[in-house]
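Asks: sequence? don't have it. structure:
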């Protein structure tokens, strides 16, 4: 039996486990979070472990960042001083079988007009995130930019179509959680981890038109967790194509891109050993998912954290 089956036997046990991980994400201690998730995935030893292994750090990449940085730099009017970036899925994908589902990205770019990003600290930003409506919500600038994320399609599709996305606990009982539910939870957290790390990689390589803080998070996806990427002052501009450091062999599947990220405790150097023959197969369809205003303004009874941060609840 997986150890998390016992932990997740009660809703309180699962909530406490997730709260500890959420604290690590919010503090940008992504290496520590990865170590916890990696150990749990290795303990599971199943298909979800192999799917997460295929979503290696070097495989998950955000494209269009150079164009975004240029657009922010050339923005007319008040300077951009804060940003949010979120990952989400189109609605009702669970009914679309046989296709790979690539998450979309949503941007929010802000000046000091509604909230003073320039004078804020990382803790100030987190405090705003924990409110029902951050002061900057709905005040994003209209800047033309398009970002796309590669490398999460297979894992994301598996999570969309997963057979055990919920675990209904009977009141007063503490039966072990189903293993498939535990694997689903781990897969969701791994998707979040790789997204937050992908944002960190781009910021470390290119920045965002200077020292602009970025909040990354998820829209209507599990888990609702943000990371605050606070700018690091550089003496020398980072190279546009940072050299990747490969792991011991291809079967391990975890390469460490931009080695200097380890200084900021973002990347966990470690192994997730699997049988190469058991790796997931399938063609990843390369297609752009255009997010229309109608899609972004889908009405929900309880807006997710990132919808509140973006002012689109």
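Replies: Looks like it came in fine. Worth saying up front: this structure is predicted, and the values here are computed from it rather than measured. Numbers count the residues shown, from 1 in each chain.

Asks: Please make it C-alpha for all contacts and neighbour counts, starting now.
Replies: OK.

Asks: And the helices in the protein?
Replies: Along the chain, the segments classed as helices by DSSP state H run 3-7, 11-26, 30-44, 47-54, 65-73, 122-129, 153-160, 179-206, 293-296, 305-310.

Asks: Next, the angle helix 30-44 makes with the longest one.
Replies: For the pair helix 179-206 and helix 30-44, the angle between their directions (axes from the mean of the first three to the mean of the last three CA atoms, to 10 degrees) equals 150 degrees.

Asks: what's the most buried one of the helices of the chain?
Replies: Among the helices of the chain, helix 305-310 has the highest mean neighbour count (mean count of other CA atoms under 10 Å), at a mean of 24.

Asks: how far is that helix from where the chain is centred?
Replies: 14 Å (CA atoms, centre = their mean, to the nearest Å).

Asks: about what we covered before: check the helices of the chain for me: which has the lowest mean pLDDT.
Replies: Mean pLDDT per stretch puts helix 293-296 lowest among those, at a mean of 31.

Asks: mind checking how far residue 228 is from residue 183?
Replies: 27 Å (CA to CA, to the nearest Å).

Asks: let me redo that: residue 28
Replies: Here the criterion is CA to CA. By it, residue 28 lies 24 Å from residue 183.

Asks: List the residues that contact residue 8.
Replies: If a contact means CA atoms under 8 Å, 6 or more residues apart in numbering, then residue 8 has 14, 176-177, 182 as its contacts.

Asks: And it, its phi and psi?
Replies: Phi and psi for residue 8, reported as degrees, to the nearest 10, are phi -80, psi 10.

Asks: And for residue 64?
Replies: According to degrees, to the nearest 10, residue 64 has phi 90, psi 0.

Asks: Can you give me the distance of it to residue 305?
Replies: Applying CA to CA, the value for residue 64 to residue 305 is 25 Å.

Asks: Pull the residues that contact stretch 185-193.
Replies: The contact list for stretch 185-193 (CA under 8 Å, 6+ apart) reads 30, 33-34, 37, 40-41, 48-49, 52, 152, 155-156, 159, 165, 217-218, 222-223, 225.

Asks: Apologies, that question was intended for stretch 163-172.
Replies: Against stretch 163-172 from outside (CA under 8 Å, 6+ apart): 9-11, 159, 175, 177-178, 180-181, 184-185.

Asks: same thing but 6 Å
Replies: Residues from elsewhere that reach stretch 163-172, judged by CA atoms under 6 Å, 6 or more residues apart in numbering: residue 181.

Asks: Same check on stretch 141-148?
Replies: Residues contacting stretch 141-148 (CA under 6 Å, 6+ apart): 62-64, 68, 109-110.

Asks: let's go with 10 Å and repeat that
Replies: 61-72, 74-78, 80, 83, 85, 87, 102-111, 287-291 (CA atoms under 10 Å, 6 or more residues apart in numbering).

Asks: Report the distance from it to the chain centre.
Replies: Between the mean C-alpha position of stretch 141-148 and that of its chain there is a distance of 19 Å (CA atoms, centre = their mean).

Asks: and that stretch, average pLDDT?
Replies: Mean pLDDT, stretch 141-148: 90.

Asks: What residues sit buried inside it?
Replies: The neighbour-count check on stretch 141-148 (16 or more other CA atoms under 10 Å) flags 141, 145-148 as buried.

Asks: that older thread, and of the helices of the chain, who's closest to residue 213?
Replies: Within the helices of the chain, the stretch nearest residue 213 is helix 122-129; the backing value is 8.4 Å (CA to CA).

Asks: Show me what that closest one is packed up against.
Replies: helix 11-26, strand 214-219, strand 227-229, helix 305-310 (3 or more CA pairs under 10 Å, 6 or more residues apart in numbering; DSSP states H and E).

Asks: Could I get those in a markdown table, plus columns for distance to residue 207?
Replies: Output for these, formatted as a markdown table (distance: least, CA to CA, whole Å):
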| stretch | distance to residue 207 |
| --- | --- |
| helix 11-26 | 19 |
| strand 214-219 | 10 |
| strand 227-229 | 10 |
| helix 305-310 | 21 |
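
Asks: just so I know, which of these lies nearest residue 131?
Replies: Among the helices and strands packed on helix 122-129, the nearest to residue 131 by CA to CA is helix 305-310 (8.9 Å).

Asks: just to revisit the earlier point, from the contacts of stretch 141-148, list just the buried residues.
Replies: 61-62, 65-66, 68-69, 71-72, 80, 83, 85, 87, 102-111.

Asks: Among the residues you listed, which lie within strands?
Replies: 61-62, 83, 85, 87, 104-110 (DSSP state E).

Asks: Format these as TSV; extra columns: pLDDT and distance to residue 116.
Replies: Converted to TSV, these look like this (pLDDT from 0 to 100; distance: CA to CA, whole Å):
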residue	pLDDT	distance to residue 116
61	96	30
62	96	28
83	95	12
85	95	19
87	96	25
104	94	28
105	95	25
106	93	22
107	93	19
108	93	15
109	95	13
110	95	10
